[in-house]
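Asks: Sequence below, structure please.
(chains A and B)
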Protein chains: 2
Amino acid sequence: MTTTSVQHALEGRLPVGGEVTVRGWVRTRRDSKAGLSFVNVSDGSCFAPIQVVAPATLSNYESEVKHLTAGCSVIATGELVASQGKGQGFEIQASRVEVVGWVDDPETYPIQPKAHSLEFLREVAHLRPRTNLFGAVTRIRDCLSKAVHRFFHENGYFWISTPIVTTSDAEGAGQMFRVSTLDLANLPRNASGEVDFSRDFFGKETFLTVSGQLNVEAYCLALSKVYTFGPTFRAENSNTTRHLAEFWMVEPEIAFADLKENARVAEDFLKYLFRAVLDERADDMAFIAERVQKDAVARLEAFINAPFEQIDYTDAIKLLQASGQKFDFPVEWGLDLQTEHERWLTEQHVGRPVVVSNYPEHIKAFYMRLNDDGRTVAAMDVLAPGIGEIIGGSQREERLDVLDARMAQFGLDPGHYQWYRDFRRYGSVPHSGFGLGFERLVVYVCGLSNIRDAIPYPRAPGTADY
Amino acid sequence: MTTTSVQHALEGRLPVGGEVTVRGWVRTRRDSKAGLSFVNVSDGSCFAPIQVVAPATLSNYESEVKHLTAGCSVIATGELVASQGKGQGFEIQASRVEVVGWVDDPETYPIQPKAHSLEFLREVAHLRPRTNLFGAVTRIRDCLSKAVHRFFHENGYFWISTPIVTTSDAEGAGQMFRVSTLDLANLPRNASGEVDFSRDFFGKETFLTVSGQLNVEAYCLALSKVYTFGPTFRAENSNTTRHLAEFWMVEPEIAFADLKENARVAEDFLKYLFRAVLDERADDMAFIAERVQKDAVARLEAFINAPFEQIDYTDAIKLLQASGQKFDFPVEWGLDLQTEHERWLTEQHVGRPVVVSNYPEHIKAFYMRLNDDGRTVAAMDVLAPGIGEIIGGSQREERLDVLDARMAQFGLDPGHYQWYRDFRRYGSVPHSGFGLGFERLVVYVCGLSNIRDAIPYPRAPGTADY
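Replies: Numbers count the residues shown, from 1 in each chain, chains lettered A, B, ... in the order given. The predicted structure follows:
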């Protein structure tokens, strides 16, 4: 007897006619008039459940098998045979079906074998992994995360875990969450009556990180190619379908790379990730294409096969102004591009992914490299049809005098950034990097319309995000 | 001309006699009386720097090359030749050495080509990646993280990112960090004068997670084999050489697995990780063995080759009591094992890794499965020579009535754990899992004595951990 995953049983790698055991949860049960039951059992190892054919001769057929409902856990043993039904290669002719766990009050079990609204499933997030959709999203998310690490490994990058609790705000902007162990009912005060953070856990005021970029630069300027992949936090705009307060971010940083090289890595990277999903999760992607987003597979294929278009921000503004298109937000040199502009460029104008480069310096962060025109910085955004911006990056300002001037312009205290200035004092090199919001990637690949469906635990009891 | 990493140039995969370009940071410069200079250049891609032989005929030889100091960044081009020196296969006969970045005031540059105290390097954590030791630790840490993901991938596990900001305390104990956006200078109060968390960002009191385990169980009970690998937080005991307030944890969770299976996975897992480091980071491990911990390689080899010993907690107590050994902490049935006890068991008594199982129920967490004796739970600790406990795990209590009784015993509010109780109401199955502190693993592999040397950013400007 071989205990096997449903995936292996269905793949046809096990000997037909051999005895196998599978373990999992009942999806559906159908009783035939011929006096046997078809029990679909899923263990989450792949999209499909396996059909277990339970004959009436089983000793517990009447007492147990005929009472199985969705969600019951079972261990089924029997002969692996070619399936009579269509669409599935193998099934199990059961010689034994052990019920491990029943479902209390099956009528009220939240995950019935029917379609549920996504809104409802967010309220039972701890059980939604048992649905087809969230099983698929979870496996695709896993596949993408593995591909992220593999891409960087194959290309000589080292993973760096940058600090989550931090005293610095990487962007010089953005609302942050405070991290503290001070007793709110009894806050310590200093002589001037202000909260005394010297008595907090770390002896100073601390926050959740908004980005690991500044920290990871230190490792880039020693190990040449590095990346972060970890959680980041923004205490703003959380209650929308597009923003999360807590999300994972991928941030590679590349020594001796200019903006062009940065864009090339971003292109290779995205194509590698999409290739991995198409190759490794064809089962889940087929379901996504069938039920969620009709062109889910086709648009990833198209993405992979299209060379990215390169457009200068200044040219993009001219194109948008000449488009004859009506936009809600103004189009003008010096203003940032909105999603509607980005989508027009990538979907209507070019029809494939676009890298927009060299944005006005005053709308981008202080650490981005000032171009020779003095008006723009070496920043880039990668825009993709169907979503708009998916990656943002820049070449970093490696010249200490220019960096100092930029910090002064942004009102930043150079004393607070002394460590960051050090990289420009000690063997400074040109370097570039970009950021990819991991949940945004999952949303794109899975054709989701609410980013809360791309994270494992939205609105769940015991968790905070909503 | 081929731009290459130092690793590729040294590996001998490029054609000898071909022209190559390397980019990196100067480690040392030595001028020969014969009128040429030997410049060791590191790009962090592997442990060794490459030797660039710079002849006096270079146009910038007198003006620049002879002024290179540790930390300067250069781009060196030349012929790749078999090295005359011992210990290194290849070097570059430079036809061009471009200085990209100088070092301001070389006398005060913190990373001189000499041994530094670890204490000193913690104070310049943003520059310490440029040292031999922290380059090695960073590459080993990367290798271990990749091996974690690969082990689980090869064995059918899916990665789950559990929430960082949470309302629940997974252990029912342990100091947590509060996460909040409330204005401390002006805290909102409710009618009874208490802090009004309904006006906080998430509308309730929130904390940083201490473990993803309870959350990941939901995914286990749908996808069968899952794991977390993400940051966790403890607001206690931080100022020691063994504890961190912020650390990464690996937590697999396995459906249908009992404690024995759990221990088997833990053994396979650790051996897989150590094998990966020995195979993939032989260069860095050789340095660790030479400079940090003499038996670093030998003890990993021994670990891989030893079958783990299995000891019951009750037997372990008897062994310790009969040992004739003097311990600082008392040895008595019902008390937890201390590091001194663990190390005696694994180092003195058995001489290889030991799994201690079935601990007294009152010293372990509420979710661990009560054994039939009613006095112990199906908990296990994996102890390793040289460090003591490295993995802790348990079979989980899958029986709702027993879980409820345990929660009552621990004074936990069942209403707060309704979602966790659901898994026991809907298709409950036996399941098990364990936790591995990732930094503790790095400490062990790299032979470090302070856990702050196993994280990328201790005590650094802009970060909080100290």
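Asks: Excluding chain neighbours, give the residue nearest to A:Phe423 in space.
Replies: Take A:Phe423 and drop its neighbours on the chain: the residue closest to it by Cβ to Cβ, 6 or more residues apart in numbering or on different chains is A:Leu221, 5.0 Å away. Heads up, the C-betas are built off the backbone N, CA and C, glycines and all.
Asks: nope, A:Val226 is what I was after
Replies: The shortest distance from A:Val226 to any non-neighbouring residue, by Cβ to Cβ, 6+ apart, is to A:Tyr219 (4.5 Å).
Asks: With A:Arg352 instead?
Replies: Per Cβ to Cβ, 6+ apart, closest to A:Arg352 is A:Ala306, 3.7 Å.
Asks: What sits closest to the residue in the stretch 251-400 of chain A that chain B sits nearest to if chain neighbours are left out?
Replies: Closest residue of the stretch 251-400 of chain A to chain B, Cβ to the nearest Cβ: A:Phe256 (4.8 Å). Nearest residue to A:Phe256, sequence neighbours excluded (Cβ to Cβ, 6+ apart): B:Arg23, at 4.8 Å.
Asks: Check what contacts the host helix or strand of A:Glu290 and list those residues.
Replies: Counting by DSSP states H and E, the element that carries A:Glu290 is helix A:282-291. With contacts defined as Cβ atoms under 8 Å, 6 or more residues apart in numbering or on different chains, helix A:282-291 is touched by A:46-48, A:132-133, A:135-137, A:139-140, A:277-278, A:295-298, A:300, A:445-447.
Asks: Next step: these restricted to helices.
Replies: The helices, defined by DSSP state H, take in A:132-133, A:135-137, A:139-140, A:277-278, A:296-298, A:300, A:445-446 from the contacts of helix A:282-291.
Asks: from those residues, which two are the most distant?
Replies: With Cβ to Cβ as the measure, no two of these lie farther apart than A:Gly135 and A:Ala298, at 22.5 Å.
Asks: Now do the strands in the stretch 151-300 of chain A.
Replies: For the stretch 151-300 of chain A, strands defined by DSSP state E, counting those that start in this stretch occupy the ranges A:158-159, A:165-166, A:178-180, A:206-208, A:225-233, A:246-255.
Asks: Show the residue spans covered by the helices in the stretch 301-450 of chain A.
Replies: Using DSSP state H, counting those that start in this stretch, the helices found in the stretch 301-450 of chain A span residues A:313-321, A:339-343, A:400-409, A:418-425, A:438-446.
Asks: Pick the most buried one from the ones you listed.
Replies: helix A:438-446 (a mean of 23; mean count of other Cβ atoms under 10 Å in any protein chain shown).
Asks: That one relative to strand A:246-255, how many degrees between them?
Replies: Put simply, helix A:438-446 runs at 100 degrees to strand A:246-255, going by axes from the mean of the first three to the mean of the last three Cα atoms, to 10 degrees.
Asks: filter the contacts of helix A:282-291 down to the ones near chain B?
Replies: Subset of those in contact with chain B: A:135, A:139, counting by Cβ under 8 Å from any Cβ of the partner chain.
Asks: Next, format the strands of the stretch 151-300 of chain A as CSV and append mean neighbour count, mean pLDDT and distance to A:Trp333.
Replies: Formatted as CSV, the strands of the stretch 151-300 of chain A follow (neighbours: other Cβ atoms under 10 Å in any protein chain shown; pLDDT from 0 to 100; distance: least, Cβ to Cβ, whole Å):
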stretch, mean neighbour count, mean pLDDT, distance to A:Trp333
strand A:158-159, 24, 98, 39
strand A:165-166, 24, 92, 35
strand A:178-180, 24, 93, 38
strand A:206-208, 23, 92, 35
strand A:225-233, 24, 97, 31
strand A:246-255, 24, 97, 29
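Asks: Output those strands as JSON lines; include the columns distance to B:Phe197.
Replies: Converted to JSON lines, the strands of the stretch 151-300 of chain A look like this (distance: least, Cβ to Cβ, whole Å):
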{"stretch": "strand A:158-159", "distance to B:Phe197": "36"}
{"stretch": "strand A:165-166", "distance to B:Phe197": "21"}
{"stretch": "strand A:178-180", "distance to B:Phe197": "13"}
{"stretch": "strand A:206-208", "distance to B:Phe197": "17"}
{"stretch": "strand A:225-233", "distance to B:Phe197": "18"}
{"stretch": "strand A:246-255", "distance to B:Phe197": "18"}
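Asks: Tell me which of those approaches A:Gln310 most closely.
Replies: Counting by Cβ to Cβ, A:Gln310 lies closest to strand A:246-255 out of the strands of the stretch 151-300 of chain A; the figure is 18.1 Å.
Asks: For the closest one, which strands pair with it and how are they oriented?
Replies: strand A:225-233 (antiparallel), strand A:431-437 (antiparallel) (DSSP bridges).
Asks: returning to that earlier point: including mean pLDDT, could the helices of the stretch 301-450 of chain A go into a markdown table?
Replies: Formatted as a markdown table, these follow (pLDDT from 0 to 100):
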| stretch | mean pLDDT |
| --- | --- |
| helix A:313-321 | 98 |
| helix A:339-343 | 95 |
| helix A:400-409 | 96 |
| helix A:418-425 | 93 |
| helix A:438-446 | 97 |
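Asks: Counting neighbours, which bits of the longest strand seen in chain A end up buried?
Replies: As assigned by DSSP state E, the longest strand anywhere in chain A is strand A:19-32. The neighbour-count check on strand A:19-32 (16 or more other Cβ atoms under 10 Å in any protein chain shown) flags A:19-27, A:29 as buried.
Asks: Need the phi and psi values for the residue of chain A positioned farthest from its centre.
Replies: In chain A, counting by Cα atoms, centre = their mean, A:Thr57 sits farthest out from the average C-alpha position, at 47.9 Å. The phi/psi pair for A:Thr57 (degrees, to the nearest 10) reads phi -70, psi -10.
Asks: Identify the residues contacting it.
Replies: Listed by Cβ under 8 Å, 6+ apart, the contact set of A:Thr57 is empty.
Asks: repeat for A:Phe47
Replies: Residues near A:Phe47 by Cβ under 8 Å, 6+ apart: A:132, A:135-136, A:139, A:283-284, A:286-287.
Asks: related to what we said a few turns ago, which one of the buried residues of strand A:19-32 is nearest to B:Leu270?
Replies: Checking the buried residues of strand A:19-32 against B:Leu270 with Cβ to Cβ, the nearest one is A:Arg23 at 25.5 Å.
Asks: do you know how far the spatially closest residue to A:Arg424 that is not a sequence neighbour is from A:Val226?
Replies: Distances taken as Cβ to Cβ, 6+ apart put A:Leu400 closest to A:Arg424, at 3.9 Å, once the chain neighbours are dropped. Here A:Leu400 is placed at a distance of 22 Å from A:Val226 (Cβ to Cβ, to the nearest Å).
Asks: about what we covered before: ok, the residue nearest to A:Arg352 touching A:Thr346?
Replies: No. Contact criterion Cβ atoms under 8 Å: A:Ala306 and A:Thr346 do not qualify, at 10.4 Å.
Asks: list residues touching both of the two?
Replies: Both A:Ala306 and A:Thr346 are in contact with A:352-353, where contact means Cβ under 8 Å, 6+ apart.
Asks: No further questions, thank you.
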